[in-house]
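Next come a sequence and a model predicted from it.
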Amino acid sequence: MRLLHKSRLSPEKSTFFRCYKWVLWISLSLYFFSSYFISHKPIPLSKTHLSNSNSVHPSRALFEAVNRTLQESEADWGSFKDLKLFVYELPQKYNEDWLANERCSNHLFAAEVGIHKALLNSGVRTFDPYEADFFFVPVYVSCNFSTVNGFPAIGHARSLLSSAIQHISLQYLFWNRSQGSDHVFVASHDYGACFHTMEGRAVADGIPEFMRNSIILQTFGVEYKHPCQDVEHVVIPPYIPPDSIRKTLEKSPVTGRRDIWVFFRGKMEVNPKNISGKFYSKKVRTEIWRRYNGDRRFYLHRHRYPGYQSEIVRSVFCLCPLGWAPWSPRLVESVALGCVPVIIADGIRLPFPSAIRWAEISLRVAEKDVKKLGRILEHVAATNLSSIQRNLWDPEVRRALMFNEEVQEGDATWQVMEALYAKLDRSYRRSKVSSQ
C-alpha cells in the first residue's frame, strides 16, 4: 500500500498525461489518414499473392477494396473498361534485376518493359486473379547484352521463360486450369516468339511448345503464313523512348522546315556477307547505297550518331528497309517525327491497323523496285505528298505508337488492351460464366 501510494500521480500530472495521450492519438490518426489519401498506391502483388499451397489466402474483401480504389483513381477506360488483367509478381530475376543496365528500359526491344510498367498502374489491372480475363507474365529476355558487340543476346530466352512458367504453375492455379490460353507474353525480338535473330534458325526452332497456347505481343508480323507467328498474337511497334521524341519535337515541330529530301542512316553493307545462305537486308540496303550514294537528294550515312532524330525531323521521306527481320524502329521514329516512312519490306504486317491508316500516312515500295525509288518519290512529291503529311502529322497517329509509363488514351498500351478486348473469347473466367 505504501508503494502504491508513492507511485500515484498528482492530479495535475494525471491530467497532463491524459491530454498528452489524446493529442498523440489524434495526431497519429490524422497522419495515417491523410497519408493514405495523399500518397495511396496500389498494394504490391506480394501482398495479394495467391498460391496452390496451403498458406492462408487474403480475403476476397481485400481484393475488392483494392480494386475499387485503383479503378476510382483512373480516367474513363472506354469500351474495354470491364476488361480485367492480372499482372503476376515474379521473383526479381525475371524482370527487375535486368533493369540494373539502363539500356534495358530504352532500347528497341524494350516494349517488354514499357508494357509491364504501364499495366501496373492501368485501370484494367485487377488485384483479384479470380476476376481476371487475362494474366500478364512480365519476363524481360532482351536485356542480356553481348559483351562482344553490345547487341541483345536472347539465347537464354527459352529457359528463362520456361522457368517463369514453372514458377507460376506451381505457385498459382491459373496457368494449369487454362493451359496458358489466357496468359499474355511479350516477344519484341526479330522473329518474335521464335527467339532468334536469324530467320532460318528461328524457323527451325519454332515457338516454344509451352507458349503455343498463349497470346504473344510481338514486333514480328507478316501477311503470309510463317512459323514464327503460328500462335495467337498481336503485332506491336518496336520501342522508342517517348521522352526522346518529345525533346526532339520541342526543338523542331513536325510542321517545321524539312530540308532533307530522302533520309537513311544505318547499316548498309557495301560488300554483303553470305551468312548461312542469307544476305543482310536481302541486299536491299546495299542496292540503296550503290544507286543513291552519289545522289545529292539522298542523305545516306552508314553509321548512326546520337542526334540522328534531329535529322529525321528535318526530312521529307525516311527509308525503312528491312534488316534481318522485316520490321525496323525507323518506322516508329519516322511516324513520330513527321517524316513519311518509305517501307521496303515485302509482306510486312504493320501494328494496330484499326487505329493507324497506314496506306494514308506511308509509302510501300517493293524490294525489287529499289532501283526505281527516285522516280517513285518524285511522283509522290508532285502529287499527293501534302495529303500524306497532313494525315501523318495527326497527333493521334504518333500517340498510337508510343509506350508511355502511364497509359494514355489511344497510346500503344491502350491499343494492346483494345486488341486483348477483342480476344475475350479466350478468357477462362468468362467462358465459365457463360456456360453457367
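Arrived safely, thanks for sending.

Pretty sure residue 135 sits in a helix.
No: counting by DSSP: H, G, I helix; E, B strand; the rest coil, one finds residue 135 to be strand, located in no helix.

Now stretch 376-383: average pLDDT?
Mean pLDDT, stretch 376-383: 98.

what sits up against that stretch?
261, 262, 316, 317, 340, 342, 363, 365, 369, 388 (Cβ atoms under 8 Å, 6 or more residues apart in numbering). (Glycine included, C-beta is placed from N, CA and C.)

part of a helix, is the third one?
No: when classified by three-state DSSP, residue 316 is found to be strand rather than part of a helix.

Need the pLDDT of it.
Residue 316 is assigned a predicted lDDT (pLDDT) of 98.

what do you get for the last one?
pLDDT, the model's per-residue confidence, is 98 for residue 388.

Can I take it that it is in a strand?
No: read with three-state DSSP, residue 388 is helix and lies in no strand.

burial of the residue nearest to it when sequence neighbours are not counted, as a residue count?
In space, and not counting its chain neighbours, residue 388 is closest to residue 340: 5.6 Å by Cβ to Cβ, 6 or more residues apart in numbering. Residue 340 has 23 neighbours, counted by other Cβ atoms under 10 Å.

Identify the residues contacting residue 340.
316, 317, 318, 334, 361, 362, 363, 380, 385, 388, 389, 392.

Residue 98: which of these is nearest?
residue 334 (28.7 Å; Cβ to Cβ).

Give me the number of neighbouring residues for that closest one.
Neighbours of residue 334 using other Cβ under 10 Å come to 26.

cool, and residue 323?
Neighbour number of residue 323 under other Cβ under 10 Å is 19.

before we move on, what about residue 251?
10.

how far away is it from residue 309?
Going from residue 251 to residue 309 by Cβ to Cβ, to the nearest Å gives 10 Å.

before we move on, what about residue 167?
With Cβ to Cβ as the criterion, residue 167 and residue 309 are 39 Å apart.

low pLDDT regions in this protein?
Applying pLDDT under 70 to the chain flags the ranges 1-79, 147-148, 433-436.

what about the strands in it?
Ranges of strands in the chain, per DSSP state E, are 85-87, 134-136, 183-187, 215-218, 232-235, 260-265, 274-275, 278-279, 298-301, 315-321, 340-344, 363-364.

Now render those as JSON lines, adding distance to residue 144.
Formatted as JSON lines, the strands of the chain follow (distance: least, Cβ to Cβ, whole Å):
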{"stretch": "strand 85-87", "distance to residue 144": "23"}
{"stretch": "strand 134-136", "distance to residue 144": "21"}
{"stretch": "strand 183-187", "distance to residue 144": "15"}
{"stretch": "strand 215-218", "distance to residue 144": "18"}
{"stretch": "strand 232-235", "distance to residue 144": "23"}
{"stretch": "strand 260-265", "distance to residue 144": "27"}
{"stretch": "strand 274-275", "distance to residue 144": "21"}
{"stretch": "strand 278-279", "distance to residue 144": "24"}
{"stretch": "strand 298-301", "distance to residue 144": "29"}
{"stretch": "strand 315-321", "distance to residue 144": "27"}
{"stretch": "strand 340-344", "distance to residue 144": "30"}
{"stretch": "strand 363-364", "distance to residue 144": "34"}
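
Quick one, which of those gets closest to residue 107.
Nearest of the strands of the chain (Cβ to Cβ): strand 183-187, 13.7 Å.

Parallel or antiparallel, list what pairs with that closest one.
strand 134-136 (parallel), strand 215-218 (parallel) (DSSP bridges).

Please name whichever of those strands is nearest to residue 183.
Shortest distance between residue 183 and the strands paired with strand 183-187, using Cβ to Cβ, is found for strand 134-136: 4.7 Å.

who's in contact with that closest one?
Residues outside strand 134-136 that contact it (Cβ under 8 Å, 6+ apart) are 83-88, 115-116, 119, 129, 174-175, 182-184, 215, 420, 426-427.

and if we set it to 10 Å?
83-88, 115-116, 119-120, 124-126, 129, 168, 172, 174-175, 178, 180-186, 214-215, 217, 417, 420-421, 423-424, 426-429 (Cβ atoms under 10 Å, 6 or more residues apart in numbering).
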